[in-house]
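S.K.: I need the structure of the sequence given here:
(one chain, ligands or ions: 3)
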Amino acid sequence: MTGSDIHPTIVALSSAPGKAGVAVIRVSGSRTRFVLETIAGIVPEPRVATLRRLVDAGGETIDSALVLFFAAPASFTGEDVAEFHVHGSRAVLARLLAILTALPEVRLAEAGEFTRRAFEAGKLDLAAVEGLADLIDSETEWQRQQALRQMDGALSGFATSWRHSLIDAMSRLAAELDFSDEGDVSGPLQQQALALAGEVLASLRVALGSFAMGERVREGFVVVLAGPPNAGKSSLLNALARRDVAIVSPIAGTTRDILEVRLDLAGLPVILIDTAGLRDSADPIEVEGVRRARALVARADLVVALRGVDSEPYRVESAAELLQVATKADLPGPVLPGERAVSVKTGAGLTDLLAEIVTRLQRLGSGEPALLTRERHRIAVTDAVAALEQAVTAGHGQGELLAEDIRVAVVALERLVGRIDVEDVLDRLFAGFCIGK
Ligand SMILES: Nc1nc2c(ncn2[C@@H]2O[C@H](COP(=O)(O)OP(=O)(O)OP(=O)(O)O)[C@@H](O)[C@H]2O)c(=O)[nH]1
Ligand SMILES: [K+]
Ligand SMILES: [Mg+2]
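M.R.: Ligands and ions are numbered 1, 2, ... in the order given. Below is the predicted model:
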């Protein structure tokens with residue numbers, strides 16, 4: 001089933017809005033051939049870019065365009081699809097969209113609707129749709145690579161093989177139960193089922209171990225600059241961001257709120273955060289700033305603890321990865337053991353500091369590419385792990401209970417690729433899509 005008979009035909013601008021050399025308008029659905037005949041005068045040979053004049057009902061030219069046709073089911077959505085590569089002018093786009101949506105049974109697409117149709121046609125599973133969303137949102141190299149792996153089915157492939165192994169285990173248990181009158185024998189088939197469950201459990205635990213990295217690559221590593229007032233936190237933020245983001249002054253207590261910039265550090269997405277100087281204060285605003293700074297220090301992936309070489313030693317308490325930095329290295333004063341020296345004034349040590357931040361962040365992962373990248377994945381796999389742990393530890397007792405534990409794990413894993421509970425996830429996901437995806 002292609003679904004083309006139950007869906008209206010949809011149309012949308014699929015490239016970014018605004019002025020551009022070329023813009024792409026995409027059409028999908030059973031009226032696509034009709035749309036092509038009406039606007040371009042022909043249905044081009046599938047997958048052959050064809051230069052045509054696009055005309056309105058009165059025969060007046062709207063633009064000349066490259067026209068592409070993809071015949072169902074060999075298209076992104078699985079339906080007949082057309083693309084019009086027109087000149088990216090607001091006037092051309094407005095006119096063309098107005099004409100297209102005025103055609104019978106053709107309407108503007110909703111956010112994510114092309115992708116939803118691809119999902120419904122079985123072109124992408126849920127994990128792959130998430131990968132596509134992440135790819136479109138990706139801003140750094142690590143994000144691009146991780147999203148592409150997800151879109152290409154890295155998680156989907158594992159989910160399928162875990163599920164197959166567990167279904168295999170369940171069928172061995174069922175066979176054993178058929179042969180026993182008590183339902184509590186632990187024969188060779190049950191042993192095999194337990195071994196399969198144990199293998200899947202081990203693989204799931206490895207996948208869970210990759211979640212922290214997967215999530216951080218998606219959302220950004222939180223790196224917090226912390227230390228006493230006037231340590232040079234805001235100066236360092238500006239230097240690393242190469243922009244004048246934060247106010248710098250010789251007055252202690254200049255920064256009161258938190259300030260963040262997003263950086264691409266050697267392909268790693270980093271959220272670098274400047275905080276209020278840590279000290280006791282009578283000023284309620286500064287007290288709140290310090291409270292926020294401490295909260296961030298507590299939840300950071302990496303804390304860069306700063307102290308001016310001309311100031312007292314200062315230790316930031318944090319359970320997170322900690323990097324001790326002595327600032328203002330151009331001034332006289334000692335660099336203490338364990339500190340790296342930098343000077344924003346001369347630029348000394350800044351490149352090394354950046355390299356060290358990258359090294360520390362990379363160390364948070366195992367080096368393996370992350371399989372689980374969203375909280376949704378973590379929950380599903382955690383549920384499956386809990387059920388299989390119960391199966392494996394309860395072990396050789398009742399065959400029926402064992403089968404039930406494994407069944408619970410299978411259901412949890414089916415959520416990963418979207419065999420169940422799909423609508424909720426899709427609705428939330430597509431809320432973040434723009435129209436035309
Ligand atoms: N000589 C020298 N002065 C610096 C350097 N970095 C910062 N400063 C000076 O130190 C003072 C404090 O700098 P800020 O960046 O405002 O310090 P901060 O840690 O953000 O201070 P608060 O926001 O008040 O906590 C300013 O006068 C800066 O110009 C440096 O590398 N060398
Ligand atoms: K300051
Ligand atoms: Mg500051």
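
S.K.: Buried residues, stretch 88-102. List them.
M.R.: Gly88, Val92, Leu93, Arg95, Leu96, Ile99, Leu100 (16 or more other CB atoms under 10 Å). Bear in mind the C-beta positions are built from the backbone N, C-alpha and C, glycine included.

S.K.: Looking at those residues, spot the one nearest ligand 2.
M.R.: Ranked by distance to ligand 2 (CB to the ion), the buried residues of stretch 88-102 are led by Gly88 at 46.4 Å.

S.K.: Low-confidence stretches in the protein?
M.R.: Residue ranges of the chain with pLDDT under 70: 1-6, 178-186, 395-398, 420-422, 432, 434.

S.K.: right, and the secondary structure at whichever residue of it sits closest to ligand 2 would be what?
M.R.: Per CB to the ion, the residue of the chain with the smallest distance to ligand 2 is Thr254, at 3.6 Å. Three-state call for Thr254 (DSSP: H, G, I helix; E, B strand; the rest coil): coil.

S.K.: what are the ranges of the strands in the stretch 251-400 of the chain?
M.R.: For the stretch 251-400 of the chain, the strands defined by DSSP state E, counting those that start in this stretch occupy 259-265, 268-274, 302-308, 321-327, 340-341.

S.K.: domains of the chain?
M.R.: What automatic domain parsing lists as the domains of the chain is 9-124, 132-210+371-417, 224-362.

S.K.: Leaving out sequence neighbours, find the closest residue to Lys19.
M.R.: Gly88 (6.1 Å; CB to CB, 6 or more residues apart in numbering).

S.K.: My guess is that neighbour contacts Pro17. True?
M.R.: No - proximity of Gly88 to Pro17 does not meet the contact threshold set by CB atoms under 8 Å, at 9.3 Å.

S.K.: for ligand 2, what are the nearby residues on the chain?
M.R.: Contacts of the chain with ligand 2, taken as CB under 5 Å from the ion, map to Asn230, Thr254.

S.K.: Could I get the full set of helices for the chain?
M.R.: Shown for the chain, the helices assigned by DSSP state H span residues 32-40, 90-102, 113-120, 126-137, 141-151, 154-179, 188-209, 211-219, 233-241, 284-299, 350-362, 375-394, 399-417, 422-431.

S.K.: contacting residues around the shortest one?
M.R.: The reference is to helix 113-120. Helix 113-120 is touched from outside by 3, 7, 10, 12, 14, 26, 28, 76-79, 124-126, 129, 132-133, 418, 422, 426, 430, 433, 435-437, with contacts defined as CB atoms under 8 Å, 6 or more residues apart in numbering.

S.K.: are any of these buried, and which?
M.R.: 7, 10, 12, 14, 26, 28, 76-79, 124-126, 129, 132-133, 418, 422, 426, 430, 433, 435-437.

S.K.: residues contacting Ala231?
M.R.: Contacts of Ala231 by CB under 8 Å, 6+ apart are Gly277, Leu306, Arg307, Gly308, Ser311, Tyr314, Thr327.

S.K.: near ligand 1 too, which of those residues?
M.R.: Gly277, Thr327 (CB under 6 Å from any ligand atom).

S.K.: Export the contacts of Ala231 to JSON lines and append columns for distance to Thr32 and neighbour count.
M.R.: Listed next are the contacts of Ala231 as JSON lines, based on distance: CB to CB, whole Å; neighbours: other CB atoms under 10 Å:
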{"residue": "Gly277", "distance to Thr32": "62", "neighbour count": "23"}
{"residue": "Leu306", "distance to Thr32": "60", "neighbour count": "27"}
{"residue": "Arg307", "distance to Thr32": "65", "neighbour count": "24"}
{"residue": "Gly308", "distance to Thr32": "66", "neighbour count": "18"}
{"residue": "Ser311", "distance to Thr32": "69", "neighbour count": "19"}
{"residue": "Tyr314", "distance to Thr32": "66", "neighbour count": "16"}
{"residue": "Thr327", "distance to Thr32": "62", "neighbour count": "29"}
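
S.K.: Please tabulate the contacts of Ala231 in TSV and include distance to Val344 as additional columns.
M.R.: Shown next, in TSV, are the contacts of Ala231 (distance: CB to CB, whole Å):
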residue	distance to Val344
Gly277	16
Leu306	11
Arg307	14
Gly308	11
Ser311	15
Tyr314	18
Thr327	7
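
S.K.: Spell out which two among the contacts of Ala231 are the most distant pair, please.
M.R.: Gly277 and Thr327 (12.3 Å; CB to CB).

S.K.: Hmm, Met151 and Ala128 touching each other?
M.R.: Yes - contact criterion CB under 8 Å: Ala128 and Met151 qualify, at 5.3 Å.

S.K.: Tell me the residue of the stretch 251-400 of the chain that sits nearest ligand 3?
M.R.: Closest point on the stretch 251-400 of the chain to ligand 3, by CB to the ion, is Thr255, at 3.0 Å.

S.K.: wait, what's in contact with that residue?
M.R.: Shown in contact with Thr255 (CB under 8 Å, 6+ apart): Lys233, Ser234, Ala246, Ile247, Asp274, Thr275, Ala276, Gly277, Gly289.

S.K.: Pull out the buried residues from the residues you listed.
M.R.: Using 16+ other CB under 10 Å, the buried members of the contacts of Thr255 are Lys233, Ser234, Ala246, Asp274, Thr275, Ala276, Gly277, Gly289.

S.K.: filter the residues you listed by proximity to ligand 3?
M.R.: Lys233, Ser234.

S.K.: of the buried ones among the contacts of Thr255, closest to Leu296?
M.R.: Thr275 (6.0 Å).

S.K.: Show the contacting residues for the spatially closest residue to the closest one that is not a sequence neighbour.
M.R.: In space, and not counting its chain neighbours, Thr275 is closest to Ala293: 3.5 Å by CB to CB, 6+ apart. Counting by CB under 8 Å, 6+ apart, Ala293 touches Val224, Ala226, Ile258, Thr275, Ala276, Gly277, Leu278.

S.K.: Distance-wise, check Ala293 relative to Arg256.
M.R.: Plainly put, Ala293 is 10 Å away from Arg256 if you go by CB to CB, to the nearest Å.

S.K.: what residues are shared contacts of the two?
M.R.: Shared contacts of Ala293 and Arg256 (CB under 8 Å, 6+ apart): Ala276.

S.K.: which residues does the residue nearest to Lys19 bridge with?
M.R.: Per DSSP bridges, the residues bridged to Gly88 are Ala20.

S.K.: How many residues are close by the spatially closest residue to Ala212 that is not a sequence neighbour?
M.R.: Distances taken as CB to CB, 6+ apart put Leu364 closest to Ala212, at 6.6 Å, once the chain neighbours are dropped. By other CB atoms under 10 Å, 14 other residues sit near Leu364.

S.K.: isn't Leu364 right next to Met213, touching?
M.R.: Yes - the pair Leu364 / Met213 is scored as a contact, 6.3 Å apart, by CB under 8 Å.
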